[in-house]
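> only geometry, no sequence info:
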């Protein structure tokens, strides 16, 4: 993919920790990829044969999560707390009320926002560092009012959910920040199912 690897790498590099990460999703019968290039968010499109040149995404922040909903409908969450929908090759803001998680979590490359497609519903899950919040958007509908699903008193260290889930729930896993300041890494992991109701 042009523009993703540093030019001085000479085609030889190892990805140790994407800071900020690369996000990729289906886009119809093609692929779209969002990543940082020279401190800005860019997108590259793969037409099945070759990658196009990276194009500025035109939105602030870096890629936090990306999910293919259907056809050419792709959603992108950014580290600036917004969700965008790809319209042609333009990103249009389409966020739940109040936005989503901002910045990064303590885990290297850790995103405070996850997007998951469960049947005909797009589910956004995010954290402000302690509270875990979710909102759901049925195909052709609007985002539901955000609701808190858990409050982690010591803080969230890492957050994970699949890009595709079963129709009736999204599995969410997160690790708790350690309370002992001298020990690196996260503490115990927690798991919850987020119920999803499909539109009729």
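Yep, it's here. Computed from a prediction, not measured in an experiment: that's the story for all the values here.
> wait, what's in contact with residue 145?
By C-beta atoms under 8 Å, 6 or more residues apart in numbering, the residues touching residue 145 are 97, 135. In short, each C-beta sits where N, CA and C put it, glycine included.
> Next, it: secondary structure please.
Under DSSP: H, G, I helix; E, B strand; the rest coil, residue 145 falls in the coil class.
> Spatially central residue in this protein, please.
residue 65 (1.2 Å; C-alpha atoms, centre = their mean).
> Just to check, that one is in contact with residue 25?
No - here residue 65 does not reach residue 25: they are 9.7 Å apart, not a contact under C-beta atoms under 8 Å.
> Distance of the residue nearest to the centre of the chain relative to residue 134?
Distance from residue 65 to residue 134, counting by C-beta to C-beta, to the nearest Å: 13 Å.
> what's the answer for residue 50, then?
From residue 50 to residue 134 the distance is 38 Å (C-beta to C-beta).
> Between the two, which has more neighbouring residues?
residue 134 (24 against 9; other C-beta atoms under 10 Å).
> how many other residues sit next to the closest residue in space to residue 83 that isn't next to it in sequence?
Once flanking residues are discounted, residue 83 sits nearest to residue 95: 4.4 Å by C-beta to C-beta, 6 or more residues apart in numbering. Using other C-beta under 10 Å, residue 95 has 18 other residues around it.
> same check, this time on the one 3 residues further on
When counting by other C-beta under 10 Å, one arrives at 11 neighbours for residue 98.
> Walk me through which strands the host helix or strand of residue 124 pairs with, and which way each runs.
Residue 124 is part of strand 121-127, with elements assigned from DSSP states H and E. As defined by DSSP bridges, the strand partners of strand 121-127 come to strand 113-118 (antiparallel), strand 131-138 (antiparallel).
> Distance check, residue 150 against residue 26.
30 Å.
> what about the chain, any weak spots by pLDDT?
1-20, 104, 106-109, 178-186 (pLDDT under 70).
> let's go with 80 and repeat that
For the chain, the stretches with pLDDT under 80 are 1-21, 38, 71, 102-111, 177-187.
> quick one, helices of it?
Ranges of helices in the chain, per DSSP state H: none exist.
> related to what we said a few turns ago, confirm for me that the residue nearest to residue 83 is in contact with residue 143.
Yes - proximity of residue 95 to residue 143 meets the contact threshold set by C-beta under 8 Å, at 7.4 Å.
> Which strand residues bridge residue 44?
According to DSSP bridges, beta-bridge pairing links residue 44 with residue 33.
> My guess is it contacts residue 30. True?
No - in this structure residue 44 lies outside contact range of residue 30 using C-beta under 8 Å: 10.8 Å.
> And these two? Which one has more around it.
residue 44 (21 against 13).
> how near is that one to residue 138?
The spacing between residue 44 and residue 138, counted by C-beta to C-beta, is 30 Å.
> starting at the chain centroid, how far to stretch 90-104?
Taking C-alpha atoms, centre = their mean, to the nearest Å, one finds the center of stretch 90-104 at 10 Å from the center of the full chain.
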